[in-house]
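J.: What follows is a predicted structure for the sequence shown.
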Amino acid sequence: MSHHTPLPAEPVGELFKAAFRSHPAGVAIITASGPEGAVGLTASSVASVAVDPPTLAFSVTGGRSASHIAAAQTIVVHLVGADQVDLVRTFSDPTAPRFTSDMDWELLPTGEPLLREAPWALRCEIVHRAPLGGSVLLAATVVDIRLSPADSAPLVYHNREFHTLFRSVQSVG
């Protein structure tokens, strides 16, 4: 006995997008130094891959920031919370000014832009690039982690909107 509804007669690509719109994802801002200065973008594709060595993966698609991040040797992955939603929206909008004087950011001694208000900042070295369709899948080894004293509720991306999580429904473990 099947518990699944038969798939509508839509192209698989459209169903794929609909499936992932209904699947909540964590939110990060990824920054790097490009040839013309600091670049950054919002990503919901960041995933933990391995602990030893600490490795994460994410994908980027099109745009100036994405191409500079894909070409960078090192990046900073900022794991953000609900308190940083305005920053997330700024880095989601390709036309919005980024790294302005009113943003709390600095260049690290190693050259990457750091957004100071992010609860977690993982400086990474990109170790693998795999072009897939119109995207590039990147794997990066974490070489340094900075923890901000700011504590923020988790922020997730679901159905093209940002949402915050306030409490646990059920403990796992």
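T.: Perfect, thanks for sending it.
J.: Show me what counts as buried in stretch 24-37.
T.: By 16 or more other CB atoms under 10 Å, the buried positions in stretch 24-37 come out as 26-34. From N, CA and C alone the C-beta is placed, and that goes for glycine too.
J.: which one among those gets closest to E125?
T.: Nearest to E125, judged by CB to CB, of the buried residues of stretch 24-37 is A32 at 11.4 Å.
J.: do you know how far the closest one is from F99?
T.: To F99, A32 is 12 Å away according to CB to CB, to the nearest Å.
J.: and what of L165?
T.: For L165, the distance to F99 equals 28 Å [CB to CB].
J.: More neighbours: which of these two?
T.: Comparing L165 with F99 by other CB atoms under 10 Å, the one with more neighbours is F99, at 17 against 13.
J.: and the more buried one, helix, strand or coil?
T.: On the three-state scheme (DSSP: H, G, I helix; E, B strand; the rest coil), F99 is labelled coil.
J.: what do A32 and F99 both touch?
T.: Common neighbours of A32 and F99, counting by CB atoms under 8 Å, 6 or more residues apart in numbering, are 38, 40, 113.
J.: quick one: which of those has the most company?
T.: G40 (25 neighbours).
J.: Now the longest helix seen in the chain: average pLDDT?
T.: The longest helix of the chain (DSSP state H) is helix 12-21. Throughout helix 12-21, pLDDT has a mean value of 82.
J.: cool, stretch 75-82 as well?
T.: Mean predicted confidence for stretch 75-82 is 95.
J.: Kindly report the same for stretch 103-117.
T.: 96.
J.: Repeat that for stretch 165-173.
T.: Averaging pLDDT along stretch 165-173 yields 58.
J.: Name the residues that touch the helix or strand encompassing F91?
T.: Under the criterion of DSSP states H and E, F91 resides in helix 85-92. By CB under 8 Å, 6+ apart, the list of residues contacting helix 85-92 from outside reads 27, 29, 40-42, 80, 96-98, 103, 115, 117-118, 155, 162, 164.
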